[in-house]
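Enquirer: Predicted model and sequence below, questions to follow.
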Amino acid sequence: MEAKKGDNTENTEDTGHTERPTGLIGAVDNVLRMLRLFEDHEMIRVNQVARDMNLSRSTVHRMLATLSYHQFVEQDEFSRAYKPGPALVDIGLAVVDNIDIRGLAHSALLELRDKTNETVHLALLRGTEVVYLDSVESRQVVRTGGRVGWTMHAHATAAGKALLAELPDDRLCALYPSDRLATATSRTLTSLDALREQLDHVRRTGYAVNHGESEDDVSAVAAAVRDKRGRPRAALVTTAPLSRSGASWTEETGSATAAVARELGARLS
């Protein structure tokens, strides 16, 4: 069946692809195609989108209203045309930053692995979770494994605590509106007050610690990577089996991790 003007089902306009796959969701397809108009236009207008995409003005209005609500577009005060909103811009910048930092950080991970003889990771904060972008495993027979692609509770990880310590308290409260925190093991912090205490300790020492809070048999230390302007961009993490991570290990490895994180940050603009 052909898509009618104003219909939110699949639109068959050519988008530069030689063949449109089956199973496209029409409304989602239209929204994504509309966002791609910003590749060629600084701002877009309702009439322009309706004409170029063969949609009714009312459909375009609803699409833009939805995107505006989620801050993917915003309306110019004077022209009433729409331009990319902060959410869309932030996503684009985050993708570029993440690609940039992963490439630059790999040599730092190798250096940190060699300094500590342990498995090391690069992690980012995403809301109340951390996501692991890269890992270099220890050469020791007994070691922790890589975590590329893993997501974990930020408050239960050294990486998460290192990055949460960079946030102002109002931002921390917005992320954790309830005082009760989810648990991963019997050692996981369970209250926001307990988390705040640990974040204060992170700020004093320069690195965060996790002894069995995210995984029963794993310890970790982590330090935030701040770019030249002082913005936290990621965390470097060193992990080891709990059995060999005593107080001296924590202090020595924490200092080494913080030092490499500072060296990496000095290379980030």
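Expert: Cool, got the structure.
Enquirer: Let me see the contact set for Ser219.
Expert: 209-212, 239-242, 245, 249-250 (CB atoms under 8 Å, 6 or more residues apart in numbering). C-beta coordinates here come from the backbone N, C-alpha and C atoms, glycine included.
Enquirer: Which ones among those residues lie within strands?
Expert: Counting by DSSP state E, the contacts of Ser219 place 209-211, 239-241 in strands.
Enquirer: Buried by neighbour count, from those residues: which ones?
Expert: Buried by 16 or more other CB atoms under 10 Å: 209-210, 239-241, out of the ones in strands among the contacts of Ser219.
Enquirer: now the residues you listed as a markdown table including pLDDT?
Expert: Below are those laid out as a markdown table (pLDDT from 0 to 100):
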| residue | pLDDT |
| --- | --- |
| Val209 | 98 |
| Asn210 | 98 |
| Thr239 | 98 |
| Ala240 | 98 |
| Pro241 | 97 |
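Enquirer: Which of the residues you listed sits closest to Val148?
Expert: Thr239 (13.1 Å; CB to CB).
Enquirer: Export the contacts of Ser219 to JSON lines and append columns for distance to Thr185.
Expert: Formatted as JSON lines, these follow (distance: CB to CB, whole Å):
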{"residue": "Val209", "distance to Thr185": "15"}
{"residue": "Asn210", "distance to Thr185": "10"}
{"residue": "His211", "distance to Thr185": "10"}
{"residue": "Gly212", "distance to Thr185": "6"}
{"residue": "Thr239", "distance to Thr185": "15"}
{"residue": "Ala240", "distance to Thr185": "16"}
{"residue": "Pro241", "distance to Thr185": "15"}
{"residue": "Leu242", "distance to Thr185": "11"}
{"residue": "Ser245", "distance to Thr185": "15"}
{"residue": "Trp249", "distance to Thr185": "19"}
{"residue": "Thr250", "distance to Thr185": "18"}
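Enquirer: For the chain, just list every one of the helices.
Expert: Here the chain has its helices, by DSSP state H, at 26-35, 46-53, 57-69, 86-116, 158-164, 169-175, 192-205, 247-265.
Enquirer: Out of the ones you listed, which is the most enclosed?
Expert: Highest mean neighbour count of those: helix 158-164, a mean of 29 (counted as mean count of other CB atoms under 10 Å).
Enquirer: will you turn the helices of the chain into JSON lines that also has mean pLDDT and distance to Trp150?
Expert: What follows is the helices of the chain, written out as JSON lines (pLDDT from 0 to 100; distance: least, CB to CB, whole Å):
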{"stretch": "helix 26-35", "mean pLDDT": "85", "distance to Trp150": "28"}
{"stretch": "helix 46-53", "mean pLDDT": "90", "distance to Trp150": "39"}
{"stretch": "helix 57-69", "mean pLDDT": "90", "distance to Trp150": "31"}
{"stretch": "helix 86-116", "mean pLDDT": "79", "distance to Trp150": "15"}
{"stretch": "helix 158-164", "mean pLDDT": "98", "distance to Trp150": "10"}
{"stretch": "helix 169-175", "mean pLDDT": "91", "distance to Trp150": "20"}
{"stretch": "helix 192-205", "mean pLDDT": "97", "distance to Trp150": "21"}
{"stretch": "helix 247-265", "mean pLDDT": "97", "distance to Trp150": "18"}
